[in-house]
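J.: give me the fold of what follows.
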Amino acid sequence: MGLNQQRSESYRDMSQIGPSPNKWHRNEPRRGSVVFAVLCVALLCGSSGGVRAADATTQVDEPFIFGFLPAYTPEKLVITFEPLVEYVSAKLRVPVKLETAPDFPEFVRRTHDSRRYDFLFTAPHLYYLAKERAGYRAVAQVKGGELRATIVALLDSDLTSPQQLLGKRLASSEPLAVITVLARAKLAELGLDPDKDLEIVTTPSHDASLQALLRKRTHAAVLPSPFFNQRLHPELKSKLRVIAETDTVPQMPISAASWVPDELVARLRDILLEMAGTPDGAMVLKRLGWAGFTETKPGDYAEMERFSKFAKL
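T.: So this is what the prediction gives:
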């Protein structure tokens with residue numbers, strides 16, 4: 001089977017509904033033990049470049065699964081993140097397969113209950129839950145400003161504050177998306193019950209939320225601050241009024257499951273932190289629109305506890 005055909009087969013079922021019939025259970029340390037043994041052999045033999053490709057390919061019985069939050073369509077997700085997965089796989093010298101899920105709730109279920117993902121790229125509040133419920137540990141986070149949500153209304157409307165959303169319609173993306181969770185927390189902070197005092201209309205994307213507002217199907221919309229501040233054309237932006245901004249939260253992390261050997265996690269951390277300084281890594285980051293990765297510290301995501309209760313799981 002050629003490389004392109006292999007990729008095609010790999011991505012065709014990347015959002016499959018459940019684990020494949022021969023999928024080993026993550027509570028059985030089968031693959032982790034194999035990789036740990038390979039790493040130990042490499043270290044004892046004095047290898048300076050990590051696990052030899054031949055060893056990784058022949059001794060790891062299945063690829064490591066790198067789970068990505070389904071924030072995009074499967075096709076767009078592959079186009080966006082495949083280069084990152086390929087880079088990580090090449091540098092780690094172990095096979096790594098990109099995978100997602102049909103929707104946010106299923107992605108969370110696979111993370112917590114199925115123990116499906118060895119590596120994880122998810123929203124900060126969902127990482128906090130993965131850490132607490134399934135033992136994931138942050139490896140590195142995307143470098144850049146903190147995340148926040150912006151609630152906007154039309155400039156020609158009479159909405160000037162979020163309290164005026166009482167009885168109104170607010171457009172936002174996926175209920176488990178971080179901006180929706182942040183908006184719900186903000187509304188609750190201001191004394192509004194986000195489930196009873198207004199209607200939060202779920203849309204398939206940030207663009208769709210904005211269109212719902214522009215077409216006056218909703219009274220306001222929740223947008224990521226980078227989307228509002230950087231992507232909107234000035235003429236369109238001039239038609240909107242910011243009525244609230246939420247608290248900020250840390251950037252999205254890459255994390256590893258508890259069963260992934262410490263040596264492999266440490267190597268992954270080094271690869272991500274050094275990525276911007278390599279020609280191939282810099283090219284991948286440019287395509288992603290990221291400056292690189294930065295270290296995570298204990299407690300970086302502890303504040304997500306107060307937001308996680310607003311995630312509608």
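J.: and the strands in the stretch 201-313 of the chain?
T.: Along the stretch 201-313 of the chain, counting by DSSP state E, counting those that start in this stretch, strands occupy 220-224, 240-245, 253-256, 293-294.
J.: give me whichever of those strands is most buried.
T.: Mean neighbours per residue, mean count of other CB atoms under 10 Å, is largest over the strands of the stretch 201-313 of the chain for strand 220-224, with a mean of 27. (C-beta placed from N, C-alpha, C; glycine too.)
J.: what's the closest of the strands of the stretch 201-313 of the chain to Phe119?
T.: When the strands of the stretch 201-313 of the chain are compared by CB to CB, strand 253-256 sits nearest Phe119, at 5.6 Å.
J.: partners of the closest one in the sheet?
T.: Sheet neighbours of strand 253-256, with direction, are listed as strand 119-121 (antiparallel), strand 137-142 (antiparallel) (DSSP bridges).
J.: what does it contact?
T.: Contacts to strand 253-256, defined as CB atoms under 8 Å, 6 or more residues apart in numbering, come from residues 118-122, 124, 127, 130-131, 136-142, 264-265, 268, 272, 293, 296, 300-301.
J.: picking up where we left off before, and the strands of the stretch 201-313 of the chain as a markdown table, adding distance to Glu199?
T.: Putting the strands of the stretch 201-313 of the chain into a markdown table (distance: least, CB to CB, whole Å) gives the following:
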| stretch | distance to Glu199 |
| --- | --- |
| strand 220-224 | 11 |
| strand 240-245 | 16 |
| strand 253-256 | 32 |
| strand 293-294 | 38 |
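J.: just give me the neighbour total for Leu98.
T.: Residues lying near Leu98 (other CB atoms under 10 Å) number 26.
J.: same check on Ser114?
T.: Applying other CB under 10 Å, I find that Ser114 has 16 neighbouring residues.
J.: now do the SS call for it.
T.: Secondary structure, DSSP: H, G, I helix; E, B strand; the rest coil: Ser114 is coil.
J.: that older thread, mark which of the contacts of strand 253-256 are buried, thanks.
T.: Among those, those classed as buried by 16 or more other CB atoms under 10 Å are 118-122, 124, 127, 130-131, 136-142, 264-265, 268, 272, 293, 296, 300-301.
J.: so which elements touch the strand or helix carrying Ile151?
T.: Element membership of Ile151 [criterion: DSSP states H and E] is strand 149-154. In terms of contacts (3 or more CB pairs under 8 Å, 6 or more residues apart in numbering; DSSP states H and E), strand 149-154 is packed against helix 178-189, helix 206-214, strand 220-224, strand 240-245.
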